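>>> Give me coordinates for this.
(2 chains)
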2 protein chains.
Amino acid sequence: MCQLMGMSANVPTDARFSFTGLVERAGRTDVHKDGWGITFYRGKGVQEFRDLQAGSDCDVANFLKQQCIKSDIVIGHIRQANVGALTLENTHPFRRELWGENWTFAHNGQLKDIDTILPLGRYLPVGTTDSEHIFCWLLDQIATAFPTRPSDPTQLYAFIYEKRAQLHAYDVCNFMLSDGHALIVHCSNNLHWITRRAPFGPALLKDIEVSVDFSTETTEKDVVTVFATQPLTTNETWIKMQPGEMLVFEQGEQTGRFLASDD
Amino acid sequence: MCQLMGMSANVPTDARFSFTGLVERAGRTDVHKDGWGITFYRGKGVQEFRDLQAGSDCDVANFLKQQCIKSDIVIGHIRQANVGALTLENTHPFRRELWGENWTFAHNGQLKDIDTILPLGRYLPVGTTDSEHIFCWLLDQIATAFPTRPSDPTQLYAFIYEKRAQLHAYDVCNFMLSDGHALIVHCSNNLHWITRRAPFGPALLKDIEVSVDFSTETTEKDVVTVFATQPLTTNETWIKMQPGEMLVFEQGEQTGRFLASDD
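Predicted structure coming up:
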């Protein structure tokens, strides 16, 4: 299995604090040491970092902990390999272009042999994970249904929710997806989130003795939502997502929520 | 305009020396300070670094100068913006997937208004550069001509050479392209290369006082070819490519050369 992290903010925000907590779980406080990756949206472009080394003991990750990269959407992932070899192409997040936009996907779960069930189209996996397979399948389904970006994004999110039902019914499928406009998060069994807004206070990481006082780092208007497989801090109340729930966040605020009655 | 750097090697090789010379030209010894990027192939996967800051004065670039990332194909780029704003999505190299392989492209030249001439298909630019437009066009042409990877790669390279004629005839188009198998380099007016093999000797960068003794870094079997817009070292003989020439390198060795008689 793996662990996920995501961020949506209404102002370009430094995600170092959350990333620092996440990568501790990549070999130190937890076992997710088979590579890691993080994608920062900055406008339409993305800045992406990944490595095969355990995130808790990796030069690139250590460097990132010192770098103030301000971004409005972030998706991060630490891997514990089950399906797919320990190679760079099997590290998440995965990225493809659709409608001239960067789409990013990271996954936590297991969908063994799903590649025999879900047909592929214009997007093919570079690596051998079930995760990249379902991303390619999902993006092809979207591309086929919507040759251009629908003017009403709710249509798009509803379509994604409908499609993810196959994955959720099959096995564990927690994922984070973004097109640079929204952060879309689906929970099969294990995802938590928190929205921070004024009045901001201090936060203390769970996995390493690091704290931050957000009131000194933010303005009154900032809204920042962070997702993680398990809560990253000890002194805040994180909300646990429900099985089958999909949330859509734009600029730090929830703009969509899907939960089928049969989930 | 911009500057390019590329490497093809028969063993995963550290490209720091060349990168260190290149990024000096990104704001210190030359004017290419509008963002930079570098893509390292490691197997089928890629590790990619980019930033909007001038490469000569950038934390991420400085970090990379200290990092030993061993790769068999590298494409690097420093940008001087002419077409397209100063945004992250306009930094090279660009990347798309075709046939389940990572394709990477970087460009030096100017093909103003080429987007009005070359039609796009399944790949759309995320940014606004002429460079990304021609990459999307070229990859769509390849995807349409070859639904799967041709068993004889010479067919593929000949097709790319035929297609690039339109670009070369239009204006300046130096480019580097890779699918992870080969490094394909096209020269309109300005590209140089050198192959290093045993007996290895010392090399001295042109743009900064840095030298390396390759005999201490290599084995007798190593073959490493480096491309650059302008020679990166002062004590070695670089070969200047001819206008209209396209070279294909695999594992450090030249495996294809194209030069139309009318170029």
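
>>> CA atoms for contacts and neighbours, from now on please.
Noted.

>>> which residues does A:Val223 form a beta bridge with?
Beta bridges link A:Val223 to A:Arg197 when assigned by DSSP bridges.

>>> hang on, isn't it packed against A:Phe249?
No: taking C-alpha atoms under 8 Å as the definition, A:Val223 is not a contact partner of A:Phe249, at 11.1 Å.

>>> Isn't A:Met176 up against A:Val185?
Yes: in this structure, A:Met176 is within contact of A:Val185 by C-alpha under 8 Å, at 4.6 Å.

>>> Which one of the two is surrounded by more residues?
A:Met176 (28 against 23; other C-alpha atoms under 10 Å in any protein chain shown).

>>> Pairing partners for the strand or helix carrying the more buried one, with directions?
Here A:Met176 sits within strand A:172-178, counting by DSSP states H and E. Partners of strand A:172-178 in the sheet, by DSSP bridges, are strand A:101-110 (antiparallel), strand A:183-186 (antiparallel).

>>> Distance from the chain centre to stretch A:174-185, please.
Centroid separation between stretch A:174-185 and its chain, computed with C-alpha atoms, centre = their mean, to the nearest Å, is 7 Å.

>>> how long is that stretch end to end?
One end of stretch A:174-185 to the other measures 8 Å (C-alpha to C-alpha, to the nearest Å).

>>> who in the stretch 1-150 of chain A is up against chain B?
The stretch 1-150 of chain A has residues A:42-51, A:63, A:87-90, A:96-102, A:123-127 near chain B, with proximity defined as C-alpha under 8 Å from any C-alpha of the partner chain.

>>> Point out the ones among the residues you listed that are inside strands.
The strands, defined by DSSP state E, take in A:42, A:45-51, A:96-98, A:101-102 from those.

>>> Tell me the one of those residues nearest A:Asn108?
If you rank these by distance to A:Asn108 using C-alpha to C-alpha, A:Arg50 comes first, at 16.6 Å.

>>> so that closest one touches A:Asp34, yeah?
No: contact criterion C-alpha under 8 Å: A:Arg50 and A:Asp34 do not qualify, at 11.1 Å.

>>> how much space is there between the residue lying closest to A:Thr233 once chain neighbours are set aside and chain B?
Of all residues not flanking A:Thr233 in the chain, A:Leu205 sits nearest, at 4.3 Å (C-alpha to C-alpha, 6 or more residues apart in numbering or on different chains). To chain B, A:Leu205 is 26 Å away according to C-alpha to the nearest C-alpha, to the nearest Å.

>>> same question, A:Pro231
A:Pro231 is 29 Å from chain B, where distance means C-alpha to the nearest C-alpha.

>>> For that residue, give me its contacts.
Neighbouring residues of A:Pro231 by C-alpha atoms under 8 Å, 6 or more residues apart in numbering or on different chains: A:192-193, A:206, A:238.

>>> Apply 7 Å and report the result again.
A:192, A:238 (C-alpha atoms under 7 Å, 6 or more residues apart in numbering or on different chains).

>>> what does A:Thr154 give?
Going by C-alpha under 7 Å, 6+ apart, A:Thr154 touches no other residue.

>>> can you confirm it is in a helix?
Yes: using DSSP: H, G, I helix; E, B strand; the rest coil, the assignment for A:Thr154 is a helix.

>>> Helices of the stretch 51-200 of chain A, start to end?
With DSSP state H, counting those that start in this stretch as the criterion, the stretch 51-200 of chain A has helices at A:59-66, A:130-145, A:153-170.

>>> ok, and which of these has the densest surroundings?
helix A:130-145 (a mean of 21; mean count of other C-alpha atoms under 10 Å in any protein chain shown).

>>> then that one to PDB, C-alphas only?
What follows is helix A:130-145, C-alpha atoms only, in PDB (Å, rounded to 0.1, in the frame of the first residue of the first chain):
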ATOM      1  CA  ASP A 130      -2.400  -1.100 -11.500                       C
ATOM      2  CA  SER A 131      -2.400   2.600 -10.400                       C
ATOM      3  CA  GLU A 132      -1.100   4.000 -13.700                       C
ATOM      4  CA  HIS A 133      -3.400   1.600 -15.600                       C
ATOM      5  CA  ILE A 134      -6.500   3.000 -13.900                       C
ATOM      6  CA  PHE A 135      -5.400   6.500 -14.500                       C
ATOM      7  CA  CYS A 136      -4.900   5.900 -18.200                       C
ATOM      8  CA  TRP A 137      -8.300   4.200 -18.400                       C
ATOM      9  CA  LEU A 138     -10.100   6.900 -16.500                       C
ATOM     10  CA  LEU A 139      -8.500   9.700 -18.600                       C
ATOM     11  CA  ASP A 140      -9.400   7.900 -21.800                       C
ATOM     12  CA  GLN A 141     -13.000   7.600 -20.600                       C
ATOM     13  CA  ILE A 142     -13.100  11.300 -19.900                       C
ATOM     14  CA  ALA A 143     -11.500  12.200 -23.200                       C
ATOM     15  CA  THR A 144     -14.000  10.000 -25.100                       C
ATOM     16  CA  ALA A 145     -17.000  11.400 -23.200                       C
END
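
>>> Show me what that helix is in contact with.
The contact list for helix A:130-145 (C-alpha under 7 Å, 6+ apart) reads A:83, A:94, A:105, A:107, A:111-112, A:114-115, A:118-125.

>>> Which of those residues scores worst on pLDDT?
Within the set of the contacts of helix A:130-145, pLDDT is lowest for A:Val83 (77).

>>> since we're on that residue, how many residues are nearby?
As a burial measure, A:Val83 scores 16 neighbours (other C-alpha under 10 Å).

>>> And it, how close does it get to chain B?
Applying C-alpha to the nearest C-alpha, the value for A:Val83 to chain B is 16 Å.

>>> nearest residue to that residue other than its sequence neighbours?
That would be A:Thr129: by C-alpha to C-alpha, 6+ apart, it lies 5.5 Å from A:Val83.

>>> The one you found contacts A:Ala85, correct?
No: using C-alpha atoms under 7 Å as the test, A:Thr129 is too far from A:Ala85 to be in contact (8.0 Å).

>>> Which of the two has more residues huddled nearby?
A:Thr129 (24 against 14).

>>> that older thread, which two of the ones in strands among the residues of the stretch 1-150 of chain A next to chain B have the greatest separation?
Applying C-alpha to C-alpha across these, the maximum distance is between A:Asp51 and A:Leu98, 25.1 Å.
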